[in-house]
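Trainee: Predicted coordinates and the sequence they were generated for:
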Amino acid sequence: TGSRNTLDERNAFRVLAGLRGDITDYINYDAYYSYARTRNSNVQAGNISRSAFQAGLDGSGSAINIFGPDTLTPDMVDQTSILAQNSDVSTLEVATAYLSGTFGDFAIGNAAPIGFALGGEYRRVASQFIPETALASGDVIGFNAGSPTEGSYSAKEIFGELNIPVFETDAGMRLDLSAAGRYSDY
């Protein structure tokens, strides 16, 4: 049937939108949403259909002759050749929002004001494998059957950070206490 050739074509795009601004003189916000999608198509030429080949050998289809050199005619090759295609699609969604800033001018001694951040994030990852019928059924010689599959998972998270400057000297020495936490639900 000639050489086996594969053509891969990938298409990807990403959209991102966000907002950022001040709520007060001490507190600001940042929020964004991102969506990304990638699709890969794989087209395979030069393959043999198991069912067409079997039908040609057992007489249930147009006969083919595989015995001896140059016995396969172009019509026999066309009868058993198959073009196979599969594709996969992956997506990623992310939505994040948080507040950050200070508690006004509230500070310990002459240190900088106490700072904080508080927010949440949502992520969803999904993927699909989409074989065409011949590949899914195992009809393409040399390839195992591959069923269509798909799956996804999502995560919801909240997080917070606190930065407490304890003291700062004129010489540039500084002592800060900080704490951070994140809760994730998958």
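Mentor: Thanks, I have it. Note that the structure is predicted; figures quoted are calculated from it, not measured. Numbers count the residues shown, from 1 in each chain.
Trainee: For this structure, which segments are assigned as helices?
Mentor: Here the chain has its helices, by DSSP state H, at 50-58, 74-80, 133-137.
Trainee: Make JSON lines out of these and add mean neighbour count.
Mentor: Quick note: C-beta positions are derived from backbone N, CA and C, even for glycine. As requested, the helices of the chain are arranged in JSON lines below (neighbours: other Cβ atoms under 10 Å):
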{"stretch": "helix 50-58", "mean neighbour count": "17"}
{"stretch": "helix 74-80", "mean neighbour count": "14"}
{"stretch": "helix 133-137", "mean neighbour count": "17"}
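Trainee: among those helices, which is nearest residue 28?
Mentor: For these, proximity to residue 28 was assessed by Cβ to Cβ; helix 133-137 is nearest, at 51.9 Å.
Trainee: and the closest one, what does it pack onto?
Mentor: Helix 133-137 sits against strand 81-102, with contacts defined as 3 or more Cβ pairs under 8 Å, 6 or more residues apart in numbering; DSSP states H and E.
Trainee: contacting residues for residue 128?
Mentor: Listed by Cβ atoms under 8 Å, 6 or more residues apart in numbering, the contact partners of residue 128 are 88-90, 148-150.
Trainee: whoops, residue 176 was the one
Mentor: Counting by Cβ under 8 Å, 6+ apart, residue 176 touches 111, 163-166.
Trainee: All set now, cheers.
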